[in-house]
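Q: Here's my sequence, what's the structure:
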Amino acid sequence: MYEERGFVEAGGLMAYAPRLAANFRRAAAYGDKILKGAKPADLPVEQPTTCELGLNRKTAKALGLSILQSVLIWAHEVLR
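A: This is a model prediction of the structure:
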């Protein structure tokens, strides 16, 4: 189980995490507010609102694991 999709692409079994691009966009929005004069202490703490599941079927097969159909349907990306 990994925290970034890139590990699944490199052969990891699965990753469940928010997309890094979304985090970077939020960080840029915070930076913009600070550059416009907002005090960092006054800005609310935000957490990701969605996470994505990525699975690697080739790795699962190599490990002798079967992935339930319900999990495959729920996954955002399934590498073959």
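
Q: just the helices in the chain please.
A: With DSSP state H as the criterion, the chain has helices at 5-9, 20-35, 57-62, 69-74.

Q: deepest of those, which one?
A: Highest mean neighbour count of these: helix 5-9, a mean of 17 (counted as mean count of other C-beta atoms under 10 Å). (Glycine included, C-beta is placed from N, CA and C.)

Q: What mean pLDDT does it get?
A: Averaged across helix 5-9, pLDDT comes to 89.

Q: Quick one: residues in contact with that helix.
A: Contact with helix 5-9 is made by 2, 14-15, 17, 19, 52, 54-56, 77, 79, as judged by C-beta atoms under 8 Å, 6 or more residues apart in numbering.

Q: I'd like these written out as a markdown table, with pLDDT, distance to residue 71 and neighbour count added.
A: Formatted as a markdown table, those follow (pLDDT from 0 to 100; distance: C-beta to C-beta, whole Å; neighbours: other C-beta atoms under 10 Å):
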| residue | pLDDT | distance to residue 71 | neighbour count |
| --- | --- | --- | --- |
| 2 | 91 | 16 | 16 |
| 14 | 94 | 9 | 19 |
| 15 | 93 | 13 | 22 |
| 17 | 89 | 16 | 17 |
| 19 | 83 | 19 | 15 |
| 52 | 90 | 13 | 15 |
| 54 | 91 | 12 | 22 |
| 55 | 94 | 7 | 23 |
| 56 | 93 | 13 | 24 |
| 77 | 81 | 13 | 13 |
| 79 | 82 | 14 | 16 |
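
Q: if you look at these, which of them are in strands?
A: Secondary structure from DSSP state E places 14-15, 17, 52, 54-56, 77, 79 of the contacts of helix 5-9 in strands.
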